[in-house]
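# quick one, fold the following:
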Amino acid sequence: MDPFPVIHEFAKKYRIHDQPNFRFVRADGKSVYYSLGNLTTPTILIFASNKKLVKRFDGETKIEEILKLL
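Next up is the predicted model:
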């Protein structure tokens, strides 16, 4: 929900701005809630190329678990 300049700075700071597998999107809280329900921080959503949700990680997750799906 942050403004795009904040999102871009985050991506640069953590050196993920030029990674081909990362997409940053911005949405207002109301539309996110109606689409995905209540989200914890962090929430990571992994989608397949057909735009179907593969896995949702709510809360702190070990990177090894995330990498298994990428």
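
# for this structure, which segments count as strands?
43-47, 53-58 (DSSP state E).

# name every strand pairing with the shortest one and say which way it goes.
This means strand 43-47. Strand 43-47 has the following sheet partners, assigned by DSSP bridges: strand 53-58 (antiparallel).

# can you give me the mean pLDDT across the partner strand?
The pLDDT scores in strand 53-58 average 94.

# what sits up against that strand?
39, 40, 42, 43, 44, 45, 46, 47, 48, 65, 66, 69 (Cβ atoms under 8 Å, 6 or more residues apart in numbering). Every residue, glycine included, has its C-beta placed from N, CA and C.

# quick one on the thing from earlier: wait, which of the strands of the chain is closest to residue 21?
Nearest to residue 21, of all the strands of the chain, is strand 43-47, at 9.5 Å by Cβ to Cβ.

# among the contacts of strand 53-58, which two are most distant?
40 and 48 (22.7 Å).

# outside of stretch 39-47 itself, list whatever touches it.
32-33, 36, 53-61, 66, 69-70.

# residue closest to the middle of this structure?
Nearest residue to the geometric centre of the chain (Cα atoms, centre = their mean): residue 44, 4.5 Å.

# that one and residue 35: what is the separation?
Distance of residue 44 to residue 35, given as Cβ to Cβ, to the nearest Å: 16 Å.

# so which of the contacts of strand 53-58 is the closest to residue 1?
Nearest to residue 1 among the contacts of strand 53-58 is residue 39, at 10.2 Å by Cβ to Cβ.
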